[in-house]
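Trainee: the following block contains a protein sequence and its predicted model.
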Amino acid sequence: MFLTHAEPVVDPRTPIESWGLAAVGVARAGAWRAPTDRVVTSTEQKAVDTARLVAGPEPVVPIALDERLVEIDRSATGYLPFDEFDAVVDAFFARPTVSVRGWERAVDAQERIVDAVRAHAATGDVTIVSHGAVGALLLASLSGAPISRALEQPGMGSVLTFDAVRWRTTDAWRRLPLPPEHV
């Protein structure tokens, strides 16, 4: 199972990998429990926060960190205002073999995320907490489709289930619901 982090606090003054969860992200992730024996997460703070919430308050399941599960490397630009960011993301998916504005190439990020997910899924039942763009790259691999932005999650805090042996999806992206008091 692959879960994307919930909604973060976007702060242009803070490094992207250090962003924590916004209140709505805490509510979304906190209302769901990982239905697996363990959780492996990206080392980025928003993913770690999500993993801690879905693992349960004890935590009920153990949590491990894996740097290979981080989002695409966009340190060359850092934070970009939404419209500019959106245009660069479009270019990232449209030209997967090119480094757009110094960002990690989509084909390289795909290889990294696929290798990490295969390694963790091969060792048993796991919930992997990661990020949206690499989630779309994973979905392309699982479905045998070309890299495309059309494969992105419906929103932050979405889950994708897959069969690691047959290497295919078993369901489409599903967004974790918000608890009723946050709708």
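Mentor: Sure, I can see it.

Trainee: could you pull out the strands for this structure?
Mentor: Assigned by DSSP state E, the chain shows strands spanning 2-4, 39-41, 63-65, 127-130, 158-160, 162-163, 168-169, 174-175.

Trainee: what about Val88, how many residues close to it?
Mentor: 15 (other C-beta atoms under 10 Å). Glycine gets a C-beta too; all of them are placed from N, C-alpha and C.

Trainee: hmm, it is touching Glu104, no?
Mentor: No: contact criterion C-beta atoms under 8 Å: Val88 and Glu104 do not qualify, at 12.0 Å.

Trainee: overlap of the contact sets of these two?
Mentor: Common neighbours of Val88 and Glu104, using C-beta atoms under 8 Å, 6 or more residues apart in numbering, are Arg74.

Trainee: so what's Asp66 up against?
Mentor: Taking C-beta under 8 Å, 6+ apart, we find Asp66 in contact with 40-43, 116, 120.

Trainee: can you lay out those residues as CSV showing pLDDT and distance to Glu71?
Mentor: Shown next, in CSV, are the contacts of Asp66 (pLDDT from 0 to 100; distance: C-beta to C-beta, whole Å):
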residue, pLDDT, distance to Glu71
Val40, 98, 15
Thr41, 99, 12
Ser42, 99, 7
Thr43, 99, 10
Ala116, 99, 13
His120, 98, 17
